[in-house]
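S.K.: Coordinates only, no sequence provided:
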């Protein structure tokens, strides 16, 4: 059935189904009609009719025989009336009429023959009947004549005289017996003789009668004989037999025909039965397939219902899920998102459908992160992780993201499903937990765990910055007594107050932790010199010793402290702590309220420091210190804008020493105040000299932290200036270290402002090294920022340094502060600074710090660098910064290859950035932002080929490195550098071109 | 299912029919015996008393027999010429039809006509039924036709009802004929003196009548006038021994069966009339030319037997012929 063919596809159900059934019905109807026709045809030969007709044929023959018999019986006077004959004849006639009507079942042809034959037989019979009529007539007459002849003869026979008459009578009698011609002849002869005889009248009359009847007898007898012969010789029997034969033949034919019809009937019935069987089977199969289909449909319906329920469930789950769900197609374009998505990201479904989820990118993760993520999805089918995304309003938030790919049967990716939840609060909780894990519950100070972590980090930092770090283990002396006397609550509150005191005593960067009980640890990092920690400790001990009031009770506590200093004690965090603990015990043993350094050389060092201080003091007294001046210039104009005063120690043995060699030692010593005062005094004096010489320079002087902390600092400056009334205070600038300024921003700000009143300005030195936030920068009323030389020096090869310099410059523009770059080591630095938009600079590239006596001559001979000329009159847009960045990136990249080759670490060359000229940072700039901005520039276009070349070369180098052919790789390095420089030349050319264009545009 | 049932039925039917066809009749079945005596040695049989006829048909037939509507101008009925009070005939030489037209032959009695082997003088119709239509159509008798007759009868509700009662059918030709034929077949006159003699009552005939019967047999009258109806079962030429029409004018009606068969042998041949009730059915012969019985006997003796009968013989024969008068409804015919 169609149904099974289509596997239950209703559309394939023939639309002519009605027609098909109509045709089936008509076939059945036709078959039934045919069957009926055949049935009647087959049964058409009526046995009754046949037997009736047969009876008629039989009766006809029998009646004919009876008629014959009656005729003969009448002829010999056996039958003496004709009633029976008449009756038989009547019957025969009636039968004959009936026989003319043949049974209907005979075939038309046969019927015709039979009827014809029947009529023929009837005509014979009719002839016969006519003859019989005549026979009756003659027979009656003959009988009468014979009787009368006998009667007459009887009378005459007694007359012996009438021999002739007697002879005649005898002859007639003989004739009656044997009716032969000879007897007639004789009788005629005798009659002739008798006629010649004359008889008496009476006798004559009798004789005449006798002769008359004799004649009658002769004629009648002969006629009757003839009639009888005719009657009997009629061919009735043959013809009737023929009729019977014809009829039986016709009957047989009819039977044969009927038989044929019956066979046809049988066949048709068989066919009909088969057809009905077929219909039945067909119907059954249809029924079964329908049942099957029905089952399928109902199954499918059930399944669909279940699916619908499931779908509804899924929908509900999808819509009510707390997690954001994103469904994308194989190209990662969003198909749909759920309400949680909107809630978390702020994007409506309409905002994101059809877009790539990368719109959520926060920029927190580098490309490598996403690369790994997609690799995981493609390879393992899923990725789960935390990711930072950006919501519609631009806020970045963390989410726990799970991405699964959906594949079809052919394992082709059809969809991606991303489920994520905003884990901001989890992060917060995490922080909370971290706090709980890392912080002491009572004092909110870091606990041991965090402390260890901090120490570990500090170790790294110390290693990097080549500074020092101290771990101080403090234990309150006799604290147990407090607990025992006043109870733990009071003890706890005491500890809290104590911890607050500790916190306020320490510098911002330092850590105070509570290990439990009355044990605290201080982590003092970023120490420039060994002895620094001692001051802090002394402050701490001092702070501890101050009276504390808790619940109306006054306490006076002391503490013992143990210290371990890194890197002198080059141990790990735990060890450092342990060592500090040990030292603390030593301090306790030494009598409490003191501190003890773990290092066995502790005393020696302490002694060394004092020795150094005394040496410095002696040197100062011996006037071994001098003030040197380093010029600051305007790179654009070439003007000398001022000088920085820098102290130098003309060490009798070690030569000229920089302040780093001696200032840190005396940093916390009162000596520094003296020296600082001396510097300012020297500078002011020198300024007067230069002024007299016509050299009016602005001089900046470094102010130390100690100096600033002096309460009369402003007064000191004021009085100093007062001592040199010729000096315009505007020409004096004080430089404060960023780190120093941040230590006590309030007081520093106050000092700065006070100095401003009488014209002295401030500059923030070493800007970038501290961690000054924008707020601080804003609050500090300084007029100038000095970019730390380390960044400026590194900016030509380190992209990050360049970025910092660039940022600082942007920042100063924003806050409208002037800026000067320190560490302009070379012309290139100056050039770069100009390109970055930094006008003022100082550094070796311009001039080293020089003795005061040399300044005049230097200023006189100072010429702006010729190489800077092209740059001096040009300006670059901030948008062109990427060219510079690209240059530095490129240099950095080449340098990294060079250093990798030189250090035999060829494998560290990132293969991707080497093999693909689009993947390196320069390439990314070039094919990205660069192309967008400068694709019209010929120079820019020329770079591409060079860049490709250098990638090919670097690829070869990387390959050589990979197979260990470092020597071969090293040989290629000069070429690499050459190519690098070629690119840089072009880049600079491009940069210049851009700037020239910009300039011409402005005009 | 239906197919299987049909198939099974056909198989069974096929079985029975095939048995039938296997019995092809080699011989014809034997006939039923006929009710008439063969080789009957007795020459005359008495009329039966009891007839198996349907009474209602007879009564309808009687009505029709007396119905003038059968004639064109509603003037003549069957009974007009076949008056049962006049021996079933009209006592005329030739009958008078519509408009007083004269017929050509003597009307024979209607009594016992059913026992005749043929109807009309020339025997042109074999049965009563065949005969009925004759007078209706004859222009000088009733001069009508079936269409008119049926129309006229249908106009009579009584007929319509009667036909419906008797035949459960409307009035038609066959019904009319059947009814009339039934009536005519009922017109039988049994229990004549001679019939009683034949039934074994010797005293029912006088000596002279008996002598007359002997003469009837001895002279040969009985050769033609035999059978139950004493005649009426054969044809014979009038003038069998000598020429009856010698010196007479021959009319077409005199030619007899010749008119039917055109056989020279059938010239002047007529049906031998029944002699029952002959005494009350004068005049005699086909043309009613003989007025008395005696004259008829005499003519018969001369032309049919070739004898000159004596007056005594004629008297005795006439006496005998009178004994042939039967009874109709218990009354001897007049």
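M.R.: Done, it's in. Note that this is a predicted model, so its numbers are computed, not measured. Residues are numbered from 1 along each chain as shown, chains lettered A, B, ... in the order given.

S.K.: model confidence over stretch A:371-385, on average?
M.R.: What stretch A:371-385 shows for mean pLDDT is 85.

S.K.: Would you mind listing the buried residues in that stretch?
M.R.: For stretch A:371-385, burial by neighbour count (16 or more other Cβ atoms under 10 Å in any protein chain shown) applies to A:373, A:377, A:383. Quick note: C-beta positions are derived from backbone N, CA and C, even for glycine.

S.K.: again with stretch A:383-399
M.R.: Quick answer for stretch A:383-399 (16+ other Cβ under 10 Å): A:383, A:387, A:388, A:389, A:390, A:391, A:397, A:398, A:399.

S.K.: Show residues contacting that stretch.
M.R.: Stretch A:383-399 is contacted from outside by A:324, A:344-347, A:351, A:360-365, A:369, A:373-374, A:376-377, A:400-403, A:420-424, A:426-427, using Cβ atoms under 8 Å, 6 or more residues apart in numbering or on different chains.

S.K.: And the buried residues of stretch A:383-399, which two are furthest apart?
M.R.: Maximum pairwise distance among the buried residues of stretch A:383-399 (Cβ to Cβ): 20.8 Å, between A:383 and A:391.

S.K.: about what we covered before: now, the contacts of stretch A:383-399 that are in strands?
M.R.: A:324, A:400, A:401, A:402, A:403, A:420, A:421, A:422 (DSSP state E).

S.K.: And the furthest pair within those?
M.R.: A:403 and A:422 (16.1 Å).

S.K.: Where do the helices of chain B begin and end?
M.R.: B:2-22, B:55-65, B:78-81, B:128-137, B:146-154, B:157-167, B:173-186, B:193-198, B:207-218, B:221-224, B:258-261, B:293-300, B:311-322 (DSSP state H).

S.K.: Would you mind finding the most buried of these?
M.R.: helix B:221-224 (a mean of 25; mean count of other Cβ atoms under 10 Å in any protein chain shown).

S.K.: mean confidence for stretch A:28-39?
M.R.: pLDDT averaged over stretch A:28-39 gives 86.

S.K.: Over to stretch A:842-862?
M.R.: Mean predicted confidence for stretch A:842-862 is 89.

S.K.: What of stretch B:108-117?
M.R.: In this model, stretch B:108-117 carries a mean pLDDT of 91.

S.K.: same thing with stretch A:65-73?
M.R.: Mean pLDDT, stretch A:65-73: 89.

S.K.: Tell me which residues are up against it.
M.R.: A:78-79, A:82, A:84-85, A:88-89, A:92, A:128, A:132, A:135, A:228, A:231-232, B:34, B:38-39.

S.K.: cutoff 6 Å now
M.R.: The set of residues external to stretch A:65-73 that reach it, using Cβ atoms under 6 Å, 6 or more residues apart in numbering or on different chains, is A:79, A:84, A:85, A:88, A:89, A:132, B:39.

S.K.: ok, and the most crowded of these?
M.R.: residue A:85 (27 neighbours; other Cβ atoms under 10 Å in any protein chain shown).

S.K.: In contact with it: list those residues for me.
M.R.: residue A:70.

S.K.: Check residue B:209 too.
M.R.: Counting by Cβ under 6 Å, 6+ apart, residue B:209 makes contact with B:319, B:320, B:323.

S.K.: Leaving out chain neighbours, which residue sits closest to whatever residue of the stretch 201-334 of chain B ends up closest to chain A?
M.R.: Residue nearest to chain A within the stretch 201-334 of chain B: residue B:220 (3.3 Å; Cβ to the nearest Cβ). Using Cβ to Cβ, 6 or more residues apart in numbering or on different chains and skipping residues adjacent in sequence, the residue nearest residue B:220 is residue A:144, 3.3 Å away.
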